[in-house]
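Trainee: Give me coordinates for this.
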Amino acid sequence: MSSVPPPLAAPPSRFELYLKLIRFDRPIGTLLLLWPTLWGLWIANAGAPTVTVLLVFVAGTLLMRSAGCAINDVADRDFDAHVARTAERPLAAKRIRTREAVFIACVLALLALVLVIAFLNTLTLQLSFAAAFLAASYPFTKRFFAMPQAYLGIAFGFGIPMAFAASNNEVSALAWWLLAANVLWTIAYDTEYAMVDRDDDLKIGIKTSAILFGRFDVAAIMVCYFGSLIILLGIGKSLGLSWPYWLGLAAASAIALYHYNLIRTRERERCFRAFLHNNWFGAAVFAGLLAHYSLA
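Mentor: Numbering: from 1, shown residues only. As a prediction, the model looks like this:
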């Protein structure tokens, strides 16, 4: 008795390809962008941001992360085809055209701009142009800058000064210290991410912190985690934050130590797990802030 072969899976629709382009199925990037933005909003507003400002920043984070993914794939479309992890991205696999990705990125960025114009102040609008430039230019830094992860940290953390500007119509020194903490955290987690692709990146000439740090990669990651936590501790001391915040930092420290256990053998799968797990580092810091202000 002959068996009937299973039907072939239908090819993904254009809409499904667009969702894959903006990493809708991979929310980790949005979360890593959202946590520092929420840190900034809660500190700038002493734990009580307005609903309007909160919703605008959450929506703007999602829109700009999605736009950034599309621009990243436009910039890296020729490289991605040679990296095992990224070869099936829609642009690298030539399932959509470059102009489609550029159009999607522009539409998403314009929607984010409309939100800023409609609901936030002039200073925040001015900073939004700097944020857009950082997001659009980051993918190209991998061609010439030895540590693009530091540039990414500024781009991913620029919601912090914007949050202070939207809330107080000024950007205090505290905002820049919080941004510095985010830059160090970003170098840590994105180096873990870069360790996954290090062999492919060496072949195609992409620059990353994993390549720059070489055999000191694990040590450098832990130094960055430590530096980020020290800055966050200093911020807490300067603001007089209470025990829930310290508990959040303790949890974040434990998470960083867990990441050391994952990455110390430099196995690709374990490094990727550590990268994904950084969502909980950001969440732990925010949970401490949220609990402090809720109990104050």
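Trainee: how much space between the nearest residue to Ala163 once chain neighbours are set aside and Pro161?
Mentor: Spatial nearest neighbour of Ala163, excluding adjacent residues (CB to CB, 6 or more residues apart in numbering): Gly40 at 3.5 Å. Using the backbone N, CA and C atoms, a C-beta is placed for each residue, glycine as well. Note on Gly40: its distance to Pro161, by CB to CB, to the nearest Å, is 7 Å.
Trainee: Between those two, which contacts overlap?
Mentor: Ala175 (CB atoms under 8 Å, 6 or more residues apart in numbering).
Trainee: what about the nearest residue to Trp280 once chain neighbours are set aside, helix or strand, and which?
Mentor: Spatial nearest neighbour of Trp280, chain neighbours left out: Ile255 (5.4 Å); criterion: CB to CB, 6+ apart. Using DSSP states H and E, Ile255 falls within helix 243-263.
Trainee: Quick check: which helices or strands does that helix pack against?
Mentor: On a contact count with 3 or more CB pairs under 8 Å, 6 or more residues apart in numbering; DSSP states H and E, helix 243-263 meets helix 173-204, helix 217-239, helix 268-295.
Trainee: neighbouring contacts of it?
Mentor: Residues contacting helix 243-263 (CB under 8 Å, 6+ apart): 188, 192, 195, 218, 221-222, 225-226, 229, 232-233, 236, 270-271, 273-274, 277-278, 280-281, 284-289, 291-292, 295.
Trainee: so where do the helices sit in the stretch 51-200 of the chain?
Mentor: With DSSP state H, counting those that start in this stretch as the definition, the stretch 51-200 of the chain shows helices at residue ranges 51-80, 98-119, 122-141, 148-157, 159-168, 173-204.
Trainee: what is the mean pLDDT for stretch 112-119?
Mentor: The average pLDDT for stretch 112-119 rounds to 97.
Trainee: Revised request: answer the last question for stretch 218-233.
Mentor: 98.
Trainee: can you list contacts of it?
Mentor: So stretch 218-233 is contacted by 177-178, 180-182, 184-185, 187-188, 191-192, 209, 213, 249, 252-253, 256, 259-260, 263-264, 266, 285 (CB under 8 Å, 6+ apart).
Trainee: Alright, that wraps it up for me.
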